[in-house]
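In: just a sequence and a predicted model for now, questions to come.
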Amino acid sequence: MSTATATHHDGHHADHPTGIMRWLTTTNHKDIGTMYLTFSLIMFLIGGIMILAVRAELFQPGMQLMQPEFFNQLIGVHALVMIFAALMPAATGFANWMLPLQLGAPDMALPRLNNWGFWLLPPAAMLLLAPFVLALFGIGDGAVATGWTFYAPLSVQGGIGTDFAIFAVHLLGISSVMGSINVLVTIFNMRAPGMTLMKMPIFAWGWMITAFLLIATIPVLAGGVTMLLTDRHFGTHFFDAAGGGDPILFQHLFWFFGHPEVYIVLLPVWGLIPHILTTFARKPTYGYKAQVYSFWAIGILSVVVWAHHFFTVGLPTPALLYFMYSTMSISLPLAVLFFCWIATMWKGSMTFETPMLFTVGWIILFGIGGLTGLVLADVAADAQYHHSYFVVAHFHYTLFAGGIMGIMAGVYYWLPKMTGHMYSEKLGKLHFWLTAIAFNVTFIPQFFLGLAGMPRRIPDYALQFSEFNMISTIGAFTLGLSQLIFVYNIIRTVRGGEKATDKVWESPEGLEWTLPSPPPYHSFSEQPVVK
Amino acid sequence: MVFRFLQKVGMGLMLVLWSFAARAEYAWNFPTPATPMAADTLHVHNKFMVITMIIFVVVLGIMIYSIYAHRKSKGHQPASFTGPGTKAQVFWTLVPFAILLYIDFILMGIPAYHSVLLMQDTKNGAEMVVKVTGSQWRWQYEYMDGDAKGIQFVSTLTTTPDQIANQAAKNEHYLLEVDNPLVLPVNKKVRILLTANDVIHTWWVPAFGSARDAIPGFLRETWVQIEKPGTYRGQCKELCGKGHGFMPVVVEAKPEAEYNIWVAEQKAKMSAASADAGKEWSQEELMTQGKAVYEKNCAACHQPDGKGIPPTFPALAGSKIINGPNFDASGKLLADSHVDRVFNGKNAMPAWKTMLSDADIAAVVTYERNSFGNTMGDLVQPSQIKALR
């Protein structure tokens, strides 16, 4: 997409370096956004290949393809890659590309910070993946094998992969905090004259809450993993009972970050969904204020419910009750959002281009994730669900359907604006149907596996779990291969194809649609006025 | 054309799923509950599933109707409302949230409150106490009171490596079978104390509806009251390293009379073992017993040929520790000696003093000192191990 932008406008703006130096030194929000999105797509494929290897091993009972040690490395790094290197950078990529265009700003507020924020990501990804390669040369015993949660004391026991992952998390955290500061400064200072906070595009609201949550919780995670590092190498006993520490302390620190993280990933998506619904229902957003207040409510609630991730560690009864009821109360603002989304569709004049298909599919599948989350809040029943495949299915409904499918809707929605070309509608629709069907074939069986008693993170399983695992693996491979259509469609659109109009869609709302497609390298040099 | 193809694929998948559904023995829900707690959990789960299904179907129905009726291709003109307009509309907007509040905090919230109290009530009316210790990758059980007081044993997976490697046919209870299951009487409330030696494990039997973490350095508790005799199987469900998938929990629930017979048998075995520890063993006896102990407990990490998986699991063949002395001239145990390492453990090596009998430790040490090319020639007697306790 950037090649197209570059050739188009180099005549007017020859003041930036070309080739590799352009990308290394750029402070342009569109270039940086493109890099974030490209990085995210690459990591999405890497994380996907890892989990396909895992699903292949789980196709049948017995160990076929790998050792349990390697299996444990794959599942943990899959999660870290998908959450930190695929989902979060995709959201930041959209923020970079779209926030200045939506707010009528010439660029992000802190362009150099922006460049640095991106360029911390590739080294972080290398730190995550390097132990796999080092192990091939006999150095260390592979990547972090504790799952993405780093629970002590298992993580204290682990090899150098754990140290690599700790430093990777530090870098990713610094990058996220810098991205968040940039988003906040941009939103508060660079809105077009006349655009009050309550007139702002709802995508900006979603990102604002995400940014606050990141700044509030990433330091806690960084502190937690640093304590882990000193426990591992410098003789401290934060998580060791023998020295007066407590392994559960780590879980509190981790999930104080980890639960808000769910909403950190989801809020930008909740922000972009109303834009797509409005465009394709040809009707203004229903309950703008209600949605904004729900974002705030969810943001605040998300930092006070963390212990529902470890009900089984033996918390005292009052704590169990508090975390159960506070978790249940998240369903209320979430229900407001669902209400508003459906009410936006209601009595519209809908068409179903690919972004809308993904959005409708997203609402349904994310709904399943939300409803199963409601059951998980029940402490007594959670003893059964906890760390079983039921939970695996649940959080893939929120993070794959609720996160990645929402991101995909955004890609199809904004790609024509970014590149100036229309994507192939046929391939887009094919991609949607394959993804939606294969996703369900993969994860519905996992609900039943969990209920039947299959724990997560086991490399081999008892015979009664065979059939469902087989179906799930078939689904996973279909899901994985379908994403190649997505990649092909994007590449094809970047390289050429039918010209997109400035508005792209019939009657989209927002400042980004007042610019040409693709927008010039420097846009809104003079701020537009919003009435 | 593509869509027709997809339709066909979808139909095919539905048929496959349906054929699974038709197989009655396949599990679609929690296993049949064996304790009051599990019955309560199943009840809560079923109720919740019905409620969420209703919500899902109603919301989906409204959405599908809208998708069908309010589409451009049918010429539907878009409305322009952005919120409830009249007072009646405001009222109807609030209704779903009132229903949700009722579901969250009354319909589900009140039973959930009672379930939590039931789950947490480990002490009232408890008739016996069993301590469960998780270690990488086996469970240890110890009876804390009553006639069974003092009985303790280790419960290890019996599925053979060749089954896991697909070189032999898999047993019916593949990966869910152990040498020494936990034996409990039926209809007695058993308080279960949990702890761990190394990392966090979770003791879980789905039919009991209770899962609780075993945390190194801390005691946690749960309880069971099994209502029907039988064998119940579960697994560790907290990632605990490479053997996480290979440390099942097996519980045999027996009627009281049979349970008492079992206790008496165990007591008899214990006194025999303590007599064993007193007598002088021959090299042949120690080597035979040692080989059996080694293959069951040590071979998973140090490998059957004693070559280990360095650096995590060191080789025993040619090991400096094994080929060195155990006791000084006065008979005192040397630090970092072979016996010290087996008895007290270090890092990933567990302290076997809590898991093996005196005779077993003496035998396995003797076996290791005289196998895999190690030729120390000396014997370690159970009495020497007994003296260390």
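Out: That came through, no problem.

In: what's residue A:283 in contact with, if anything?
Out: If you count contacts by CB atoms under 8 Å, 6 or more residues apart in numbering or on different chains, residue A:283 has them with A:344, A:345, A:347, A:348, A:349, B:78, B:79, B:80. To be clear about C-beta, it is placed using only N, CA and C from the backbone, and glycine gets the same treatment.

In: phi and psi next, for it.
Out: phi -150, psi 140 (degrees, to the nearest 10).

In: likewise the one 10 residues further on?
Out: When read as degrees, to the nearest 10, the backbone of residue A:293 gives phi -70, psi -30.

In: still on that earlier bit, what's the farthest-apart pair in the contacts of residue A:283?
Out: A:345 and B:80 (13.9 Å; CB to CB).

In: looking at the two, which one has more neighbours?
Out: residue A:345 (24 against 10; other CB atoms under 10 Å in any protein chain shown).

In: shouldn't that one be in contact with residue A:282?
Out: No - the criterion here is CB atoms under 8 Å, and residue A:345 misses it with residue A:282 at 10.5 Å.

In: could you check the pLDDT of residue A:367?
Out: Listed pLDDT for residue A:367 reads 94.

In: what helix or strand is it on?
Out: Per DSSP states H and E, residue A:367 falls inside helix A:354-376.

In: now do that helix: distance to the chain's middle.
Out: When C-alpha coordinates are averaged (CA atoms, centre = their mean, to the nearest Å), helix A:354-376 and its chain have centres 15 Å apart.

In: can you tell if that helix touches chain B?
Out: Yes - against chain B, helix A:354-376 shows contacts by CB under 8 Å from any CB of the partner chain at A:360, A:363, A:364, A:367, A:368, A:371, A:372, A:374, A:375.

In: in space, what's closest to whichever residue of the stretch 201-350 of chain B sits closest to chain A - neighbours in sequence excluded?
Out: Of all residues in the stretch 201-350 of chain B, the one sitting closest to chain A is residue B:217 (2.1 Å; CB to the nearest CB). Of all residues not flanking residue B:217 in the chain, residue A:241 sits nearest, at 2.1 Å (CB to CB, 6 or more residues apart in numbering or on different chains).

In: what residues are up against that neighbour?
Out: Per CB under 8 Å, 6+ apart, neighbours of residue A:241: A:247, B:215, B:216, B:217, B:218.

In: got any ranges where chain B has weak pLDDT?
Out: Residue ranges of chain B with pLDDT under 70: B:1-26.

In: partner residues bridging the spatially most central residue of it?
Out: Nearest residue to the geometric centre of chain B (CA atoms, centre = their mean): residue B:236, 2.5 Å. Note on residue B:236: beta-bridge partners by DSSP bridges are residue B:203.

In: about what we covered before: for the residue nearest to residue B:217, give me the pLDDT.
Out: Residue A:241 is given a pLDDT of 90.

In: can you give me phi and psi for it?
Out: Torsion angles, degrees, to the nearest 10, at residue A:241: phi -60, psi -30.

In: ok, and the closest non-adjacent residue to residue A:331?
Out: residue A:374 (5.4 Å).

In: mind checking how far the one you found is from residue B:108?
Out: From residue A:374 over to residue B:108 the distance is 8 Å, taken as CB to CB, to the nearest Å.

In: kindly report the same for residue A:65.
Out: Residue A:65 is 43 Å from residue B:108, by CB to CB.

In: these two: which is more packed in?
Out: The neighbour count for residue A:65 versus residue B:108, taken as other CB under 10 Å, is higher for residue B:108 (22 against 13).

In: quick check: the more buried one touching residue A:380?
Out: No - with contact defined as CB under 8 Å, residue B:108 does not count as touching residue A:380 (11.1 Å).

In: quick one, domains of chain B?
Out: B:29-63+B:86-120, B:128-270, B:279-386 (automatic domain parsing).

In: and residue 52, what element?
Out: Because you didn't say which chain, this covers chain A. Using DSSP H and E, residue A:52 falls in helix A:29-57.

In: my bad, chain B
Out: helix B:36-69.

In: CA atoms only: put the helix or strand following that helix into CSV for me.
Out: Remark: after helix B:36-69, the chain's next helix or strand is helix B:87-102, criterion DSSP H and E. This file holds the C-alpha atoms of helix B:87-102, laid out as CSV (Å, rounded to 0.1, in the frame of the first residue of the first chain):
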residue,chain,number,x,y,z
LYS,B,87,-41.0,7.5,27.1
ALA,B,88,-42.4,4.2,26.1
GLN,B,89,-39.2,3.5,24.0
VAL,B,90,-37.0,4.5,27.0
PHE,B,91,-39.0,2.0,29.1
TRP,B,92,-38.5,-0.8,26.5
THR,B,93,-34.8,0.0,26.2
LEU,B,94,-34.4,-0.5,30.0
VAL,B,95,-36.3,-3.8,30.0
PRO,B,96,-33.4,-6.0,28.8
PHE,B,97,-31.1,-4.6,31.4
ALA,B,98,-33.6,-5.2,34.1
ILE,B,99,-33.8,-8.8,33.0
LEU,B,100,-30.0,-9.1,32.9
LEU,B,101,-29.7,-7.6,36.4
TYR,B,102,-32.3,-10.1,37.6
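
In: residues contacting residue B:271?
Out: Counting by CB under 8 Å, 6+ apart, residue B:271 has no contacts.

In: and residue B:165, by the same measure?
Out: Counting by CB under 8 Å, 6+ apart, residue B:165 has contacts A:62, A:63.

In: how close does it get to residue A:461?
Out: 15 Å.

In: what does residue A:268 give?
Out: With CB to CB as the criterion, residue A:268 and residue A:461 are 36 Å apart.

In: the more surrounded of those two?
Out: More crowded of residue A:268 and residue A:461, by other CB under 10 Å: residue A:268, with 32 against 24.
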